[in-house]
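Student: let me see the structure of the following:
(one chain, ligands or ions: 1)
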Amino acid sequence: MTKHIFVTGGVVSSLGKGITAASIAMLLRQRGYSVSMQKMDPYINVDPGTMSPFQHGEVYVTEDGAETDLDLGHYERFGGVTCTKASNFTTGRIYSNVIKREREGGYLGKTVQVIPHITNEIKCAISMLSGADVDITITEIGGTAGDIESLPFLEAIRQYRQEIGRDNALFIHLTLVPYIKAAGEMKTKPSQQSVAILRGIGITPDILICRCEQSMDDEHLEKLSLFCNVEKEHVIAEQDVKNSIYEVPVELAKQNLDKYILEHFKLPVNILDMSEWNGMLENAITPRNGTVKIGVIGKYISLRDAYKSIYEALSHAGIANSVKVSVKMIESESIEEKSEAAFLSDVDAILVPGGFGSRGVQGKIKAIKYARENKIPFFGICLGMQCAVIEFARNVCGMNGAHSAEFSTTTEYPVIDLMEDQKLVTAKGGTMRLGSYPCILGEDTFSRKAYDAQEISERHRHRYELNTKFLNTLANNGLVIAGTSPDKKLVEIVELRDHPWFVACQYHPEFKSTPLKAHPLFKDFITAAMKKRDEKQ
Ligand code: GLN
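Tutor: Below is the predicted model:
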């Protein structure tokens, strides 16, 4: 029978529940258990796909094409789990399922209510990830104890535990233990109150994980144990890590968190082998090959979470090359007003990530022109690839005013156009080309060299594509079509020759990169950046 861990949060949001949950998954997997993970988000949107990155950070895309919370990125990167459509539920999704069933007559005669109908639907979502091949499922409840919106989820996990038995379910509560500088003291009261809120709804945490800036001493642990009714050794301090988020599982393991979890479930505590992970950390913390500076040009630069997987993938590629990657985040609009050299002359490589809407597009195009002309390694992703095609059409092929149909309906050269099967789509939620699709790589290309394979599969999230009407002109002028869909109808990768490294792909490689296995394109991009750096010196 699958065991269930429920992770809740208290006091404030942004404590890193996702990273903590993913670290637990990583440790349990290292101990030989199969783990699945999911997140419950209490907001009303059916999924985060329709939200601005400014609201919610990046939208993470799974293999099977779900648009999900960015915490799922941590689950896959740290935990090594594969997320699916069943890995992220929101209040909106739960309610829409229930309302749809009600309209179909599924509850005929009954009054449909939060309890039991909504809570049953949540319990059904939780059970979707368990099964014969899963030893442990981790369910993270988004939001903070005390939020009105979280209540049905908390009630559902309380019932779930009741039904499967105490030994088969475990509650972990993550709270904040703030340090009050003026008083020179750490305060446990907010955590006590947060646990009191949970107890008020029938949930007593088995393990308390306390996020803190300073180390906690015995007195605090004892106090929390006493007032929160949690055994002292089950009060775990999760202090801010110094260098890398990938240190979190190591710190949690030092305090035996994974051991306590397995003991609770009465499962054998197998040996924990962290040698590969520790080797990776060594490269992350003390790289041998200095630093490279990568310019990332985007329109959501002010919010770090908006490009979470991009920054993570860059850091993985740094680990693989044993080099520190310093990211220079450049607001694309700011390049529009000034000379691009003012922003880009000090970077070793340039990356333009995905995006939507016309704001900042001219700045991205200017940055790509600079990379092409000055032979600076360039990596374009999704909108970044589309901008590279626009730049090439305008400045190499002489197609004045070439643009994407997303930004101009009057251009003579719509080199990027809406995909055929998108033309009749009007609804916005979940209607893009989403998830994994195969791609065939051309011989003698940067991509083929990086992947060392002929066929690959990558995740997508887009509505527009390279307009094949212009393919011959673009190719005749030197644009290399380095990857296409197997039927050759969709262009997946374009490259340039006579350039140290210029690769732009329609898909999102960043979603598949992990600290132990950097994505091949990111890895080669950073290698090219190192070469550029060394040439400059
Ligand atoms: N807006 C572009 C499209 O829909 C690019 C999307 C993206 O970068 N994810 O095709």
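
Student: what residue of this protein is the furthest out?
Tutor: G109 (43.0 Å; CA atoms, centre = their mean).

Student: packing partners of the helix or strand containing K293?
Tutor: Using DSSP states H and E, K293 sits in strand 291-298. Applying 3 or more CB pairs under 8 Å, 6 or more residues apart in numbering; DSSP states H and E, one finds that strand 291-298 contacts helix 308-320, strand 324-331, helix 332-337, strand 349-352, helix 361-373, helix 520-536. To be clear about C-beta, it is placed using only N, CA and C from the backbone, and glycine gets the same treatment.

Student: before we move on, the earlier item: is it fair to say the residue farthest from the centre of the chain lies in a helix?
Tutor: No: using DSSP: H, G, I helix; E, B strand; the rest coil, the assignment for G109 is coil, not a helix.

Student: and the pLDDT for it?
Tutor: Looking at G109, its pLDDT is 92.

Student: same question, L303
Tutor: On pLDDT, L303 comes in at 89.

Student: likewise for E336?
Tutor: Looking at E336, its pLDDT reads 87.

Student: correct me if wrong: it contacts K364.
Tutor: No: the pair E336 and K364 fails to qualify as a contact (CB atoms under 8 Å) at a distance of 9.4 Å.

Student: still on that earlier bit, which of the helices and strands packed on strand 291-298 has the lowest mean pLDDT?
Tutor: Mean pLDDT is lowest for helix 332-337 among these, at a mean of 90.

Student: elements contacting whatever helix or strand comes next after that one?
Tutor: Downstream of helix 332-337, the first helix or strand assigned by DSSP H and E is helix 341-344. Applying 3+ CB pairs under 8 Å, 6+ apart, we find helix 341-344 packed against strand 324-331, helix 332-337, helix 361-373.

Student: got the contact list for helix 341-344?
Tutor: Under the criterion CB atoms under 8 Å, 6 or more residues apart in numbering, residues G295, K328, I330, S334, I335, I350, A367, Y370, A371, I376 lie in contact with helix 341-344.

Student: mind running it again at 6 Å?
Tutor: Contacts with helix 341-344, where a contact means CB atoms under 6 Å, 6 or more residues apart in numbering, come from G295, I330, I335, Y370.

Student: and the last one, how many neighbours?
Tutor: Which is Y370. Neighbour count of Y370, defined by other CB atoms under 10 Å: 23.

Student: who's in contact with D47?
Tutor: D47 makes contact with E67 under the criterion CB under 6 Å, 6+ apart.

Student: per-residue pLDDT, it?
Tutor: Reading off the confidence values, D47 has pLDDT 94.

Student: check the offset of stretch 351-361 from the chain's centre.
Tutor: Taking CA atoms, centre = their mean, to the nearest Å, the mean C-alpha location of stretch 351-361 is offset from the chain mean by 18 Å.

Student: sorry, slip of the keys, the one I care about is stretch 442-452.
Tutor: Remark: stretch 442-452 is offset 26 Å from the chain centroid, using CA atoms, centre = their mean.

Student: buried stuff in it?
Tutor: For stretch 442-452, the neighbour count (16 or more other CB atoms under 10 Å) marks T445, F446, S447, R448, A450, Y451 as buried.

Student: kindly indicate which of these lies nearest the ligand.
Tutor: Closest approach between the buried residues of stretch 442-452 and the ligand, by CB to the nearest ligand atom: S447, at 18.2 Å.

Student: sorry, back to before: for I416, which of the helices and strands packed on helix 341-344 is the nearest?
Tutor: The closest of the helices and strands packed on helix 341-344 to I416 is helix 361-373. By CB to CB, the value is 10.7 Å.
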